[in-house]
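> Coordinates for the following, if possible.
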Amino acid sequence: GSTETGVYDLGGGANSERGGVWGTDLGAVALPTENEWYKAAYYDSNKGGTDVGGYYQYSFGHANGDTISTSYANYDYSYENGAGGGTYALSPVDHYEGLNASLSAYGVADMTGNVWEWTDSQYNTFSRVVRGSAYYSDAADLAAGSSWLDLTPGDGYGDLGFRVASLAPIPEPSTYGMIGGALVGLLCLLRRKKRAVAP
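Coordinates of the predicted model:
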């Protein structure tokens, strides 16, 4: 991989931020590091139509003009109306997954709002960084410049979750369709040749 496609290429050296990898070769997965998580949430290599790219304020900013509403994420929206908190936008876990306007530039859903997410980046000897905010967070907490938490790995709360990242390239679904089509075509060709040879 490279910094634009796949996980960071560290020149064959070990990633000092990565504490654990599960699986081997093409099946390897891990918690993303804080830098990987942040990039997947806020970065867009095509921002501004340049090769340089840039970061959006919100994880879904590239698709909706960098605005926030309950159409894009679960969060406490009552602060925006001066109500002082406590009015949450709640929806099922996969609700935003099919809505393009709520995905990051990398096509990832629910990067902010919902629950805080573990990263594999160590904060100190005893704790790791969590990012993303939760359903009770306000709009400022969902922004790229927002704060993060550090928790010890033994902590478990209802507002804390995780996602895993593949450490190998994952083929696009269309790739499987092309492979399947090629195999069907090959089978038909072989059957046709057998018929032509039969007495």
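> going forward, measure contacts and count neighbours with C-alpha atoms only.
Will do.
> which residues does residue 58 contact?
By CA atoms under 8 Å, 6 or more residues apart in numbering, the contact list for residue 58 reads 41-42, 66-68, 142-144.
> Residue 40 versus that one, what's the distance?
11 Å (CA to CA, to the nearest Å).
> As PDB, could you dump the C-alpha coordinates of stretch 152-169?
Output in PDB follows, covering the C-alpha atoms of stretch 152-169 (Å, rounded to 0.1, in the frame of the first residue of the first chain):
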ATOM      1  CA  THR A 152      -7.400   1.900  29.200                       C
ATOM      2  CA  PRO A 153      -8.000  -1.200  27.100                       C
ATOM      3  CA  GLY A 154     -10.000  -2.800  29.900                       C
ATOM      4  CA  ASP A 155     -12.600  -0.100  29.800                       C
ATOM      5  CA  GLY A 156     -16.000  -1.000  28.400                       C
ATOM      6  CA  TYR A 157     -18.900   1.400  28.000                       C
ATOM      7  CA  GLY A 158     -22.100   1.600  26.000                       C
ATOM      8  CA  ASP A 159     -20.700   4.500  24.100                       C
ATOM      9  CA  LEU A 160     -17.500   2.800  23.100                       C
ATOM     10  CA  GLY A 161     -16.900   0.600  20.000                       C
ATOM     11  CA  PHE A 162     -14.300  -0.300  17.400                       C
ATOM     12  CA  ARG A 163     -13.800  -1.000  13.700                       C
ATOM     13  CA  VAL A 164     -11.100  -3.100  12.100                       C
ATOM     14  CA  ALA A 165      -9.100  -2.200   9.100                       C
ATOM     15  CA  SER A 166      -7.800  -4.600   6.500                       C
ATOM     16  CA  LEU A 167      -4.100  -4.600   6.200                       C
ATOM     17  CA  ALA A 168      -4.300  -6.000   2.600                       C
ATOM     18  CA  PRO A 169      -6.000  -4.500  -0.500                       C
END
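> Now do the buried residues in it.
The neighbour-count check on stretch 152-169 (16 or more other CA atoms under 10 Å) flags 160-161, 165-167 as buried.
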